[in-house]
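> only geometry, no sequence info:
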């Protein structure tokens, strides 16, 4: 079976010269009925975004688009706007996934949004993310907190925000056990290339299954 996948639409952090603090805003063809339709829809969204920014736009190092937007939230607003191209419905046909890679901008117990010249404590940062989820068709938040913000992850999991909060899986298996037992995150992202071997990745997937957590795989 071929998964429908997600498409990197907008890039930030080191992939785009620090244009945004967050790493990716991705188009998710949630309502597509088959793989070809998923590719068509995500391609339509990316092309519309490029036109909006001024085609061909600035292309980041992994193929997504980049621009100096005024805020990080503006990337979600832009993707939501272009989803409507060719009659697509935000949330129903195409939704948004956000890879925040928050460890990259977390320092001294706070989240430093350099692009916006703001420093937010964990609670305020989580409230901001909840606002994003209420304003835009966000179905997934990945790495929304720093890897070692253990208390923050518990707070995030307990919130009512609708998007799955994925825990990064770039750590030894004991960290996985630690996070699950502490109820940190409600989904797990497994990256086989970072796990080291396919065998090790499979062992992690088996553990996730035992704890009945939602799981997805990715590269990078």
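Okay, I see it. Every value quoted in this text rests on a predicted model; they were computed, and no experiment measured them.

> Can you get me a residue count around residue 123?
10 (other Cβ atoms under 10 Å). For glycine as for every other residue, the C-beta is placed from the backbone atoms N, C-alpha and C.

> no wait, residue 48
Counted with other Cβ under 10 Å, the neighbours of residue 48 add up to 21.

> so what's it up against?
Neighbouring residues of residue 48 by Cβ atoms under 8 Å, 6 or more residues apart in numbering: 82, 85-86.

> Neighbour-wise, which one of those leads?
Taking other Cβ under 10 Å to define a neighbour, the member of the contacts of residue 48 with the most is residue 82, carrying 25 neighbours.

> Find the nearest non-adjacent residue to that residue, please.
residue 48 (3.9 Å; Cβ to Cβ, 6 or more residues apart in numbering).

> Verify the stated contact: residue 116 with residue 72.
Yes - taking Cβ atoms under 8 Å as the definition, residue 116 is a contact partner of residue 72 at 6.8 Å.

> Need the overlap of contacts for these two.
Common contact partners of residue 116 and residue 72 (Cβ under 8 Å, 6+ apart): residue 21.

> Which one's more surrounded, these two?
Legend: neighbour count by other Cβ under 10 Å for residue 116 and residue 72, higher for residue 72 (22 against 15).

> Need the nearest residue in space to residue 139, chain neighbours excluded.
residue 95 (4.3 Å).

> Neighbouring strands - and their directions - for the helix or strand hosting the one you found?
In the assignment (DSSP states H and E), residue 95 maps to strand 95-99. Sheet pairing of strand 95-99 (DSSP bridges) gives strand 24-28 (antiparallel), strand 138-142 (parallel).

> Got phi/psi on the residue sitting furthest away from the middle of the chain?
Relative to the centre of the chain, and counting by Cα atoms, centre = their mean, the farthest-placed residue is residue 199 at 25.6 Å. Per-residue torsions, residue 199: phi -60, psi -40 (degrees, to the nearest 10).

> correct me, but the residue nearest to residue 139 touches residue 28?
Yes - counting by Cβ under 8 Å, residue 28 is a contact partner of residue 95 at 4.5 Å.

> so what's in contact with these two at the same time?
Jointly contacting residue 95 and residue 28 under the rule Cβ under 8 Å, 6+ apart are residue 139.

> hang on, the earlier thing: tell me how many other residues crowd the residue nearest to residue 139.
By other Cβ under 10 Å, 24 other residues sit near residue 95.

> Could you check how far it is from residue 87?
When distance is defined by Cβ to Cβ, to the nearest Å, residue 95 is 16 Å away from residue 87.

> Also residue 68?
Distance of residue 68 to residue 87, computed by Cβ to Cβ: 30 Å.

> These two: who's more crowded?
Between residue 68 and residue 87, counting by other Cβ under 10 Å, residue 68 is the more crowded of the two (12 against 7).

> average model confidence for the lengthiest helix in the chain?
Using DSSP state H, we find that the single longest helix of the chain is helix 35-53. What helix 35-53 shows for mean pLDDT is 88.
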